[in-house]
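Enquirer: Next come a sequence and a model predicted from it.
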Amino acid sequence: MSSKGDPVKITMIERNPNNLPGKGTSYPKTLPGEVVLSFHNISYQETVSGEFPFCKKTLVIERLSNISGIMKPGLNAIMGPQDRSRSLLLDVLAARNDPHGFSGDILINGKPRPTNFKCNSGYVPQNDTVMSTVTVRENVEFSAALRLPLSITRDEKRRRINDVLKLLHLDEESNVKPRSKELRKRTSIAMELVAEHPILFLDDPTTALDLRTTIDVISVLRRMSMRGRTIIFSIKQPPYSIFKCFDSLTLVASGKVMFHGPAQEALEYFTSAGYNYDPHNNPADFFLDIITGGFSAILDTEEDDHEADKYKELCERTYQVTKKLTNMFAQSSLYNKMRSELDPLLGEQKAGRSPALEEITCATPFWHQLWWIISRSFKNFLGFSWVTMIQAIVEVMVAIFVGTTFNFLQNNCYEAQRRLNLIFLLTVNECIISMSARDLFMTDRNCFVHEHSSGYYRVPSYFFGKLLGDLVPRRLLPLLFYYIHFYTIQYNANGFFTMLFTIMMLAYSSNSLLISLGAGKNAVAVPRLLVTFYFVSMLFFSGLEIYSGILLPGISSIQYFSIPHYGFTALLQNEFFGKRFCPEHNRTEISSCQRYVICTGEEFLMIQGIDLSPWGFWQNHVALACIMIILLSITYIQLLKQKKVEVLRIDWRMFQQLLKEK
């Protein structure tokens with residue numbers, strides 16, 4: 001690890017700092033063995049819009065302002081209050097935010113960041129995007145399988161996985177599903193360490209962890225940094241036992257840097273500036289109290305009648321403290337020393353700025369990615385074993401109940417209407433079951449954004465992998481219902497497989513509608529009631545047309561947009577075509593039918609206005625297939641839009657604060 005007094009190294013040599021196999025094997029556009037990250041005059045602006053009943057106001061807010069610094073191999077901590085500055089600075093350095101609004105230069109070993117920097121650097125998000133339905137080892141194996149090139153042998157990957165699990169003390173819990181916050185955090189770190197990228201970013205890695213686990217995590221990061229890794233992480237208020245491990249410290253608040261340099265020199269820097277330090281106080285608490293202006297003295301007053309005055313005083317002090325500390329650091333010897341290191345690096349790159357970081361490069365081919373995504377999706381499906389068991393029991397019970405209820409069906413002139421009711425019941429059942437598919441892409445949206453941005457896989461492999469590994473098994477289970485149902489009731493024996501095919505087409509078309517609504521970034525705002533209303537209304541119009549033969553004028557074209565209509569019509573044709581209801585040579589029973597006699601299924605279909613030709617039957621399947629393809633294409637397009645990490649959103653309270661300041 002570079003000492004604090006060493007000059008910045010521009011050219012780094014390849015070496016194996018971790019003594020793990022496979023380090024020498026790499027795919028194109030990888031970073032060198034050690035990384036020095038420098039950032040020069042970076043700023044970040046965010047556009048915030050507020051909508052009101054009669055007006056719309058848009059504000060452009062400068063989140064980061066003219067920040068410069070350098071991060072060398074070691075533990076580089078970014079500290080600050082809860083104003084999003086520290087996390088935003090980390091995301092900008094890691095290229096994990098929307099590049100729109102960014103300005104400045106970020107260099108790697110004196111050169112612009114590669115366009116695939118996100119794929120060649122580790123990043124542990126604060127929300128720990130790991131799959132809690134698979135084990136710790138399976139999560140790490142998934143990362144190793146997709147982020148390491150195929151040239152690394154299976155034994156070498158297994159050895160590397162075991163070493164990482166042992167390093168993080170996960171070897172004894174490797175077969176446990178990461179459900180607790182502590183286990184999820186360590187699993188997230190393990191998934192990044194197994195790729196052995198020379199630079200690792202962590203967003204508040206100690207959040208919601210107890211002191212023992214926090215010390216454990218920082219100790220692991222410390223050992224990794226001593227092997228040549230550049231570890232950059234944000235942290236709010238660490239205890240002294242954690243703070244003393246830091247090599248570099250960056251204090252940021254209100255989008256401005258108030259200290260950047262060796263962590264052990266921070267205390268001397270502030271005390272020499274006239275700030276009184278209590279030896280019994282934690283240095284991290286001391287620094288945060290300085291950069292926030294000691295706001296506790298204002299907020300703890302008991303004068304509840306002067307909230308507006310306290311708020312105004314708080315804003316004024318924030319501005320004054322930020323201005324004072326920023327100017328003080330700009331005039332310090334630490335700043336001059338930092339500029340002496342940064343200016344030569346930036347001078348070499350004036351001709352070319354860092355390109356937009358949009359390229360996603362993967363270490364493995366499409367089919368390899370597809371197989372691993374299918375495997376994990378299927379394990380995720382099996383991870384809800386109790387849900388699957390309950391669903392199977394319900395399907396069997398409903399099948400037995402319906403079969404017993406309709407078992408009295410006989411082939412006579414009264415049974416056409418009863419079979420019509422039964423087919424309509426099957427259509428309603430499929431529409432209800434399809435409601436569960438809405439969460440297919442919604443539940444792990446954050447996981448997809450993180451993994452795709454990190455180069456695990458491309459969008460096509462994820463899209464087809466989720467469909468084949470998760471959606472297909474979920475829709476195969478209800479076939480148990482129809483298998484029992486078919487042999488309990490005297491259906492058209494020649495149309496069993498055609499019936500199953502029609503039901504599957506209806507099911508997947510209905511699922512596609514739900515998936516397309518649940519894949520977008522605003523899917524949470526789409527109420528489930530809207531989808532329910534669609535199916536209820538479409539079933540209503542289908543039933544109105546079939547049972548009464550009357551459809552309100554002007555809405556007959558609505559059937560072309562009705563998924564249940566196509567499925568219902570195809571099931572009717574499959575069941576009634578070739579069916580005989582009138583007993584032969586039994587005039588007495590036929591004469592007992594008072595209104596009319598329907599002796600053949602074809603006669604019933606003609607009364608309903610259904611085309612009896614082969615195309616009249618298969619056109620319903622073609623329509624369902626077209627609907628499914630269109631809706632899945634919409635889903636795919638929405639996933640493509642999500643491949644960029646979404647811009648961080650400002651909360652309502654901060655927006656109100658900005659309006660008051662304006």
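Expert: On my side now, so go ahead.
Enquirer: Alpha carbons of the host helix or strand of residue 190, as PDB, please.
Expert: Taking DSSP states H and E as the criterion, residue 190 maps to helix 181-193. The C-alpha trace of helix 181-193 is given here as PDB (Å, rounded to 0.1, in the frame of the first residue of the first chain):
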ATOM      1  CA  LYS A 181     -29.100  -7.700   7.600                       C
ATOM      2  CA  GLU A 182     -25.600  -8.700   8.800                       C
ATOM      3  CA  LEU A 183     -25.400 -11.800   6.600                       C
ATOM      4  CA  ARG A 184     -26.800 -10.000   3.600                       C
ATOM      5  CA  LYS A 185     -24.100  -7.300   4.000                       C
ATOM      6  CA  ARG A 186     -21.200  -9.800   4.200                       C
ATOM      7  CA  THR A 187     -22.700 -11.700   1.200                       C
ATOM      8  CA  SER A 188     -22.800  -8.500  -0.800                       C
ATOM      9  CA  ILE A 189     -19.200  -7.800  -0.100                       C
ATOM     10  CA  ALA A 190     -18.200 -11.400  -0.900                       C
ATOM     11  CA  MET A 191     -19.900 -11.200  -4.300                       C
ATOM     12  CA  GLU A 192     -17.700  -8.200  -5.100                       C
ATOM     13  CA  LEU A 193     -14.500  -9.600  -3.600                       C
END
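Enquirer: now the very next helix or strand once past it against helix 181-193, angle please.
Expert: Helices and strands here follow DSSP H and E; after helix 181-193, the next one along the chain is strand 199-203. If you take axes from the mean of the first three to the mean of the last three Cα atoms, to 10 degrees, strand 199-203 sits at 160 degrees to helix 181-193.
Enquirer: In terms of secondary structure, what does the next helix or strand after strand 199-203 contact?
Expert: With elements assigned by DSSP H and E, the helix or strand that comes after strand 199-203 is helix 211-226. Helix 211-226 sits against strand 74-79, helix 154-167, helix 181-193, strand 199-203, strand 230-235, helix 240-243, with contacts defined as 3 or more Cβ pairs under 8 Å, 6 or more residues apart in numbering; DSSP states H and E. Every residue, glycine included, has its C-beta placed from N, CA and C.
Enquirer: Burial check on residue 537, number of neighbours?
Expert: Residue 537 is flanked by 13 other residues according to other Cβ atoms under 10 Å.
Enquirer: Just the buried positions in stretch 210-223, please.
Expert: 213-218, 220-222 (16 or more other Cβ atoms under 10 Å).
Enquirer: closest to residue 435 among the residues you listed?
Expert: Of all the buried residues of stretch 210-223, residue 213 has the smallest distance to residue 435: 39.4 Å, by Cβ to Cβ.
Enquirer: Against residue 238, how distant is the closest residue to the closest one other than its chain neighbours?
Expert: Excluding the flanking residues, the one nearest residue 213 by Cβ to Cβ, 6 or more residues apart in numbering is residue 182, at 4.7 Å. Per Cβ to Cβ, to the nearest Å, residue 182 is found 17 Å from residue 238.
Enquirer: And the two? Which one has more around it.
Expert: residue 238 (21 against 17).
Enquirer: OK, contacts around the residue lying closest to that one once chain neighbours are set aside?
Expert: Spatial nearest neighbour of residue 238, chain neighbours left out: residue 284 (5.2 Å); criterion: Cβ to Cβ, 6+ apart. Contacts for residue 284 (Cβ atoms under 8 Å, 6 or more residues apart in numbering) come out as 79, 237-240, 242-243.
Enquirer: Now with 10 Å, please.
Expert: 77, 79, 235-240, 242-243, 246, 249, 251, 263, 266 (Cβ atoms under 10 Å, 6 or more residues apart in numbering).
Enquirer: For it, give its distance to residue 618.
Expert: 71 Å.
Enquirer: Next, the buried residues of the helix or strand encompassing residue 46.
Expert: If you go by DSSP H and E, residue 46 is part of strand 37-51. The neighbour-count check on strand 37-51 (16+ other Cβ under 10 Å) flags 37-40, 42-44, 46 as buried.
Enquirer: partners of that strand in the sheet?
Expert: strand 56-71 (antiparallel), strand 102-108 (antiparallel) (DSSP bridges).
Enquirer: Highest mean neighbour count out of those?
Expert: Counting by mean count of other Cβ atoms under 10 Å, strand 102-108 has the highest mean neighbour count of the strands paired with strand 37-51, with a mean of 19.
Enquirer: Name the next helix or strand downstream of it, please.
Expert: That would be, after strand 102-108 and using DSSP H and E, strand 111-112.
Enquirer: for the record, mean pLDDT for that next one?
Expert: Averaged across strand 111-112, pLDDT comes to 86.
Enquirer: what helices or strands is the helix or strand following it leaning on?
Expert: For strand 111-112, the succeeding helix or strand toward the C-terminus, using DSSP H and E, is strand 122-124. Applying 3 or more Cβ pairs under 10 Å, 6 or more residues apart in numbering; DSSP states H and E, we find strand 122-124 packed against helix 181-193, strand 199-203, helix 211-226, strand 230-235, helix 445-453.
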